[in-house]
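Chemist: Please find the sequence and the predicted model below.
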Amino acid sequence: MNFWFEMRLIMKKSYFYYIAILLVFAFQSKSFCQNVSNDSSPILEELQSQKQLTLTSLNILDNQANRIGNDLAKAAAKAEIADAVWQLDNDFAKKILLEAYKLSLPNGEEKEKLKNRTVETAPVEPTQNDIDRMKVRSRILQVARRDSTFIKELVKISAKELGEVEKAETLNSFSVKALRAGDTSQAKDFINQAIQIDPTQQIGWSILQLAAENRELADEAILQYIQTLRNFPLSTESFFRAYSSLQMAVFPLPVYDVGRNRQISPPNPNVTKTFIQFVLEKMTTFEKNQSGSMRQYRPVLNQLWFPVNQFAPELRNNWMWLEQITRRNGDSPIDSTPQSSQEKARKDYEERIKKALESKENKELVQAVRDAVYYDDYKTARNVLSEIEDETLRNKYEEYINANEAMWQAKKGEIIEAQRLAGKLGETKNIAKVYPIVIEQCVKFKDEPCALSLSNQAIKILKSDEKTNIPPYFFSALAKSVYKLDDVSMFPILDSMVALLNKQEDNESVRIGFEADIFKLLAEKNEQRTLQLAESLIQKLPRITALATFYKWKADKLSKEIETIQQKEKTSKTSSKKS
């Protein structure tokens with residue numbers, strides 16, 4: 001149905017274009033049918049035909065993507081199409097991805113700047129366009145990592161077009177994608193390749209993610225990292241860039257795992273000791289070669305004191321020499337009491353709260369509220385809030401406390417309290433952020449009345465003010481929260497999202513405004529209605545993304561069904577031969 005609908009649209013715009021596409025489809029169908037064995041069951045042939053029709057629909061979608069004017073938005077659209085095409089026609093998918101990757105690369109002056117970057121070039125604050133470009137390329141790499149040979153081709157393009165530093169960043173990005181796919185061995189290989197090119201980049205983040213999956217491999221990567229840095233010509237600036245990266249991997253926060261709330265264990269004590277030894281040796285060498293060069297880095301010594309005592313007590317004298325030599329006139333000695341950085345941070349926090357309550361200055365009280373919320377210390381946050389006399393400011397931070405505590409209570413499973421706090425929220429951004437989280441917990445605990453009541457309440461609140469700009473992503477998050485419980489209310493929520501998006505001007509932004517995977521979840525409930533919903537989107541990139549997500553679901557479903565039937569036929573034939 002969708003295929004012929006597309007054909008009518010194309011025919012209205014260009015008769016000859018219609019004929020060309022029809023001939024391509026006819027040729028593909030003929031070739032495809034020839035590949036279906038004569039003894040295949042009618043059901044299998046029907047599934048194969050549907051699979052080919054899905055590929056043709058994606059081909060048409062790719063032609064629509066070519067009409068997007070913004071190259072980055074076009075690349076984003078093609079990445080989603082390639083993801084759907086991959087298991088239907090691998091070569092075609094790689095062709096689309098290659099086009100997308102080239103479109104995602106900067107050109108002109110921006111390209112030359114990146115190409116001329118060196119290890120000693122300090123990172124610059126990325127612009128919004130840089131951030132968008134990185135997100136699109138990250139998505140392309142996520143799809144491409146299924147084929148190691150194809151990945152190498154993209155890495156070569158990156159190095160040729162943008163230089164070796166960019167190649168290192170690409171490899172680092174590949175490592176994260178490999179980890180998300182569960183391939184820790186490949187991730188470590190990408191990390192090691194990135195380290196060899198430029199060990200001063202933020203590779204520690206990737207090692208941290210590797211540690212969440214495999215601590216032993218992460219420790220090997222850290223030691224490799226340190227060994228490479230020992231042999232690498234480093235300035236003080238590039239060394240401390242590398243230090244901040246390494247520190248993240250060696251001293252993970254208690255829970256630091258990309259939203260999955262998993263404990264990351266610390267490295268082997270010998271790894272930590274090697275890290276401390278390397279840092280103190282380098283700082284000592286820098287200070288001896290250039291007196292005073294380490295004074296601005298005293299905070300590093302502060303961070304290292306507790307680990308030195310715990311993992312490398314024999315290096316205390318080295319630490320103490322650096323502490324003394326970097327002390328300016330008037331500087332107090334670094335506190336060398338044997339307490340952890342977490343203990344120090346907690347003590348500092350308590351002192352800031354006490355000082356704020358004594359001063360009663362709005363600036364200090366507001367910061368104290370923020371600090372208390374950071375520590376999930378909501379009783380203290382409310383005590384501090386009561387000292388703020390400015391009513392407008394007090395109301396603002398009461399909303400801030402309620403929003404954060406509602407999410408905290410929901411994650412703890414305290415649904416009734418979370419629901420009560422969520423009901424107090426009035427700002428659009430907080431309602432959009434908090435309600436889906438609370439509803440998700442209602443679903444988790446199979447409390448359907450809670451989930452449906454909150455979703456209806458949220459929409460009612462947001463629609464009550466005509467001036468309110470409801471973020472479209474709120475509707476997709478809301479639908480994802482309730483879809484497991486109720487597929488009746490789910491579609492009206494998405495109808496509201498589509499209506500809102502269709503009122504907005506199509507500026508060909510790379511941000512689609514919603515979570516695309518909602519269309520996969522919807523398709524599992526009602527295939528035809530989901531397709532109609534996706535097709536009703538007017539803006540190019542959101543529409544193509546929604547349809548590509550739907551077709552990927554369709555392709556996965558058909559492939560599984562075909563595989564099941566083929567396996568049954570194979571088993572049947574084997575049994576017959578034995579008989």
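Modeler: Perfect, I can see it now.

Chemist: Identify each of the strands in the stretch 51-200 of the chain and give its residue range.
Modeler: Applying DSSP state E, counting those that start in this stretch to the stretch 51-200 of the chain gives no strands.

Chemist: which residue ranges form the helices in it?
Modeler: In the stretch 51-200 of the chain, helices defined by DSSP state H, counting those that start in this stretch lie at 71-85, 90-104, 108-115, 128-144, 148-162, 164-180, 184-197, listed in chain order.

Chemist: Averaging pLDDT over each of the ones you listed, report the lowest-scoring one.
Modeler: Lowest mean pLDDT within these: helix 108-115, a mean of 65.

Chemist: most neighbours per residue, which of the helices of the stretch 51-200 of the chain?
Modeler: helix 71-85 (a mean of 26; mean count of other Cβ atoms under 10 Å). No exception for glycine: its C-beta is placed from N, CA and C like everyone else's.

Chemist: outside of that helix, which residues touch it?
Modeler: Residues from elsewhere that reach helix 71-85, judged by Cβ atoms under 8 Å, 6 or more residues apart in numbering: 55, 58, 61-62, 65-66, 68, 92-94, 96-97, 99-101, 103-104, 129, 132-133, 136, 139-140, 143, 508-510, 512, 516, 540-541, 544-545, 548-549, 551-552, 555.

Chemist: in stretch 206-223, what's buried?
Modeler: 206-215, 217-223 (16 or more other Cβ atoms under 10 Å).

Chemist: Off-centre distance for that stretch?
Modeler: Offset of stretch 206-223 from its chain centre (Cα atoms, centre = their mean, to the nearest Å): 19 Å.

Chemist: Now do the end-to-end distance for that stretch.
Modeler: 14 Å (Cα to Cα, to the nearest Å).

Chemist: Equivalent analysis for stretch 309-318, please.
Modeler: Stretch 309-318: ends 12 Å apart by Cα to Cα.

Chemist: and that stretch, how far from the chain's centre?
Modeler: With Cα atoms, centre = their mean, you get 38 Å for stretch 309-318.

Chemist: Next: stretch 69-86.
Modeler: On Cα atoms, centre = their mean, the centre of stretch 69-86 falls 18 Å from the chain's centre.

Chemist: Check the gap between Arg241 and Lys554 for me.
Modeler: 46 Å (Cβ to Cβ, to the nearest Å).

Chemist: Which one's more surrounded, these two?
Modeler: In this view Arg241 and Lys554 are compared by other Cβ atoms under 10 Å, and Lys554 has more residues nearby, 24 against 20.

Chemist: how many neighbours does the residue lying closest to the more buried one once chain neighbours are set aside have?
Modeler: Closest residue in space to Lys554, ignoring its immediate chain neighbours: Thr54 at 5.2 Å, by Cβ to Cβ, 6 or more residues apart in numbering. Thr54 has 23 neighbouring residues, counting by other Cβ under 10 Å.

Chemist: Any regions of this protein where pLDDT drops low?
Modeler: 1-40, 109-126, 162, 164-165, 253-262, 335-342, 461-470, 484-489, 575-579 (pLDDT under 70).

Chemist: about what we covered before: what sits against the residue nearest to Lys554?
Modeler: 88, 551, 554-555, 558.

Chemist: Likewise for Ile538?
Modeler: 501-502, 506.

Chemist: secondary structure class for it?
Modeler: coil (DSSP: H, G, I helix; E, B strand; the rest coil).

Chemist: Now do the helices in the stretch 451-579 of the chain.
Modeler: 472-482, 487-503, 518-525, 527-535, 540-578.

Chemist: Correct me if wrong: Lys135 contacts Val510.
Modeler: Yes - contact criterion Cβ atoms under 8 Å: Lys135 and Val510 qualify, at 6.9 Å.

Chemist: gap between Phe286 and Thr274?
Modeler: Phe286 is 19 Å from Thr274, by Cβ to Cβ.

Chemist: Ignore what I typed, I meant Leu558.
Modeler: 52 Å.

Chemist: Please identify, among the contacts of Ile538, the one with the most neighbours.
Modeler: Leu501 (21 neighbours).

Chemist: residues touching it, list them.
Modeler: Leu501 touches 472, 513-514, 537-539, 542, counting by Cβ under 8 Å, 6+ apart.

Chemist: Equivalent analysis for Lys94, please.
Modeler: Contacts of Lys94 by Cβ under 8 Å, 6+ apart are 82, 144, 147, 150.

Chemist: Likewise for Glu440?
Modeler: Glu440 touches 410, 480-481, counting by Cβ under 8 Å, 6+ apart.

Chemist: Recalculate using a threshold of 7 Å.
Modeler: Ser481 (Cβ atoms under 7 Å, 6 or more residues apart in numbering).

Chemist: which SS state does it fall under?
Modeler: Quick answer, by three-state DSSP: Glu440 is helix.
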